[in-house]
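1. give me the fold of what follows.
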Amino acid sequence: MSLITMKFGGTSVGSPEAITNVVNIVQRELESGNQVIVVVSAMSGVTDALLAAASKAVHGNKWGYLSNAQNLRDRHEETINRLIPPGSNREKTVSQISSLLDEYVQLCQAINILGELTPRIMDAIVSFGERLSSRVVAAVMRERHISAEAYDAGEFIITDNSFQNANPQWDEIQVRVTKKLIPVIERGETPVITGFIGATREGAYTTLGRGGSDYSGAILAAATDSEELIVWTDVDGVMTTDPRLDDRAQVLPYVSYQEVGELAFYGAKVLHPKTVQPILDKNIPMRVRNTFNPDHPGTLIGATGEPSATVVKAVTSVRNVGLLTVGGRGMIGVPGIAGRAFLTAAKAGANILMISQASSEQSFCFVVMDDRARAVKNAIEDEFAQEIERRNIDRVELMDDVVIVTVVGAGMRGTPGVAGRVFTILGENNVNVVAIAQGASECSISFVIDEVNLEQAVMRLHDLALETVEVL
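-> Residues are numbered from 1 along each chain as shown. The predicted model follows:
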């Protein structure tokens, strides 16, 4: 008997038909003799609806948030009524949904009165999505004679109070899981746990960042020593590239933790970037599979980088970014310039995606998301006001309408000529490279290009992931 943690995304629980698929998948696993921990996202679109209602509340639009709440009530109750026949199970679940949405309306009313929407309140608001879906999924499982109950992840996943992007408190999580969750599994119950959310020691709801349901699944898989973490989504696995950019995209049968970490960080939407962290140390394999095509084996993610038929495994990209350049002849040999710039970017709330600097030290550049780029530029100009006045720094430039493209593959490590082939292909297709970065791991090469060249660059580089070469 094995313990499997399964995480189901928003589209996987987004309709009555999708929830039926989820229950079929879980039931099949249970019938094979395994135990299952189920982690669920909110129904697709619900988190956005909750945030929209909160925004209406803070702007005094009472009718707007009440209407949104009623739409959420109707959607969840319709799902319950379609999947659960009349009886005590349906009545219990409708009552739970009604109680949660009453609580949500009360919170919106408080926001309306105060005219304030703090990060803490935002986390409380969005927590309702997973709390609603978990009750529905657990109830449908019970209707199939599966012993199931919904649990709020805040009972197990304790975090700090960095609301909207909270950090797990690992020791406390292990204590809570051992004390509260393991006994549930040992008595034969299938827990249905809210993804995305945790709680502070004081019980305030927190969230792990957008897409954090994957992270929740990994945290619980690691804390329970699960045999495997399966992330169920709406695609067959990790793809060689974005199929919207190149319809030749294929499912990768196997990628390493390191490779998928690069893919997730640089734009692949299948996994949350932090997902692999909790399961790395315990060497727990992860698989990405399709709820709507459950017979497909998906992509297995493991510790070692296995040889493949191609050196480059995948090509991914990040849009909506800005490239900031700090330059000046007076920077040469002056310690701390880059450090001050990066610290200033952090204080402005920006995550740095990529850094590039030439050995001359006359300039360096780095990439941040568009929504923080202008604020970072202004903050850096303030930080270096004296250096700019003395002309030690000549310019702080922001280039938008650019994208990061990354080629990924463990087979690139120690293989001569990969970078040469990549940039030759770009040159042959008239794609100008603005900045380049490659880590010492040699698992990926990232570069910045104009956004207008994105599709051309991805398709031509994707050829490297599709061509057949001698296995290295």
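2. distance of residue 89 relative to residue 27?
-> Using CB to CB, to the nearest Å, we find residue 89 at a distance of 16 Å from residue 27. Just so you know, the C-beta spots here come from the backbone N, C-alpha and C atoms, and that holds for glycine as well.
3. might one say that residue 291 is in contact with residue 24?
-> No. Between residue 291 and residue 24 there is no contact under CB atoms under 8 Å: 9.5 Å.
4. more neighbours, these two?
-> Using other CB atoms under 10 Å, the more surrounded residue of residue 291 and residue 24 is residue 291, with 22 against 13.
5. who are the packing partners of the lowest-mean-pLDDT helix or strand in the chain?
-> Taking mean pLDDT, DSSP states H and E as the measure, helix 257-265 is the helix or strand of the chain with the lowest mean score, a mean of 77. Judged by 3 or more CB pairs under 8 Å, 6 or more residues apart in numbering; DSSP states H and E, helix 257-265 is in contact with strand 299-302, strand 314-327, strand 395-408.
6. need the ones you listed in CSV (columns: mean pLDDT).
-> Listed next are those as CSV, based on pLDDT from 0 to 100:
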stretch, mean pLDDT
strand 299-302, 91
strand 314-327, 94
strand 395-408, 94
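7. between the ones you listed, which one is nearest to residue 109?
-> The closest of the helices and strands packed on helix 257-265 to residue 109 is strand 314-327. By CB to CB, the value is 34.7 Å.
8. what's the next secondary structure element after that closest one?
-> Using DSSP states H and E, the helix or strand that follows strand 314-327 in sequence is helix 337-347.
9. mind listing what's buried in that next one?
-> For helix 337-347, the neighbour count (16 or more other CB atoms under 10 Å) marks 337, 338, 341, 342, 344, 345 as buried.
10. off-centre distance for stretch 103-119?
-> On the basis of CA atoms, centre = their mean, to the nearest Å, stretch 103-119 sits 27 Å off its chain's mean C-alpha point.
11. what residues of that stretch count as buried?
-> Judged by neighbour count (16+ other CB under 10 Å), stretch 103-119 contains these buried residues: 104, 105, 107, 108, 111, 112, 117.
12. what's the burial count for residue 28?
-> Neighbour count of residue 28, defined by other CB under 10 Å: 12.
13. I meant residue 26, not that one.
-> Burial measure for residue 26: 25 neighbouring residues, criterion other CB under 10 Å.
14. residue 393 versus that one, what's the distance?
-> 58 Å.
15. likewise residue 93?
-> Applying CB to CB, the value for residue 93 to residue 393 is 62 Å.
16. repeat for residue 151
-> Counting by CB to CB, the gap from residue 151 to residue 393 is 54 Å.
17. next SSE downstream of the helix or strand containing residue 126?
-> Under the criterion of DSSP H and E, residue 126 resides in helix 119-143. Going down the chain from helix 119-143, the next helix or strand is strand 148-151, by DSSP H and E.
18. and for that following strand, what are the contacting residues?
-> By CB atoms under 8 Å, 6 or more residues apart in numbering, the residues outside strand 148-151 that reach it are 38, 96, 131, 134-135, 137-138, 141-142, 181, 184, 189-194.
19. dump it to PDB, keeping only the CA atoms.
-> The C-alpha coordinates for strand 148-151 follow below in PDB (Å, rounded to 0.1, in the frame of the first residue of the first chain):
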ATOM      1  CA  ALA A 148     -13.900  11.700   2.700                       C
ATOM      2  CA  GLU A 149     -13.900  15.000   4.600                       C
ATOM      3  CA  ALA A 150     -12.800  18.500   3.700                       C
ATOM      4  CA  TYR A 151     -10.000  20.100   5.700                       C
END
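20. pLDDT (mean, whole number) over it?
-> The average pLDDT within strand 148-151 is 98.
21. please convert the buried residues of helix 337-347 to CSV, extending it with pLDDT and distance to residue 326.
-> Output for the buried residues of helix 337-347, formatted as CSV (pLDDT from 0 to 100; distance: CB to CB, whole Å):
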residue, pLDDT, distance to residue 326
337, 90, 7
338, 91, 8
341, 95, 6
342, 95, 10
344, 96, 10
345, 96, 10
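22. just those residues now: which is nearest residue 208?
-> Nearest to residue 208 among the buried residues of helix 337-347: residue 345, at 22.6 Å, using CB to CB.
23. is it true that that closest one touches residue 379?
-> Yes. With contact defined as CB under 8 Å, residue 345 reaches residue 379; the gap is 7.3 Å.
24. does the closest residue to residue 52 other than its chain neighbours sit in a helix, a strand or a coil?
-> Once flanking residues are discounted, residue 52 sits nearest to residue 68: 6.2 Å by CB to CB, 6 or more residues apart in numbering. Per DSSP: H, G, I helix; E, B strand; the rest coil, the secondary structure class of residue 68 is helix.
25. run a quick neighbour tally on residue 68.
-> Here the number of neighbours of residue 68 (other CB under 10 Å) works out to 23.
26. test my guess that it contacts residue 53.
-> Yes. Applying CB under 8 Å as the test, residue 68 and residue 53 come out as touching, 3.7 Å apart.
27. in stretch 283-302, what counts as buried?
-> By 16+ other CB under 10 Å, the buried positions in stretch 283-302 come out as 284-291, 298-302.
28. and the helix or strand hosting residue 110, what other elements does it pack with?
-> Here residue 110 sits within helix 88-114, counting by DSSP H and E. Under the contact definition 3+ CB pairs under 8 Å, 6+ apart, helix 88-114 sits against helix 46-58, helix 62-83, helix 119-143.
29. now find how far off-centre it is within its chain.
-> Centroid separation between helix 88-114 and its chain, computed with CA atoms, centre = their mean, is 28 Å.
30. what's the mean pLDDT across it?
-> Taken as a whole, helix 88-114 has an average pLDDT of 96.
31. angle of that helix against helix 119-143?
-> Calculated by axes from the mean of the first three to the mean of the last three CA atoms, to 10 degrees, helix 88-114 forms an angle of 170 degrees with helix 119-143.
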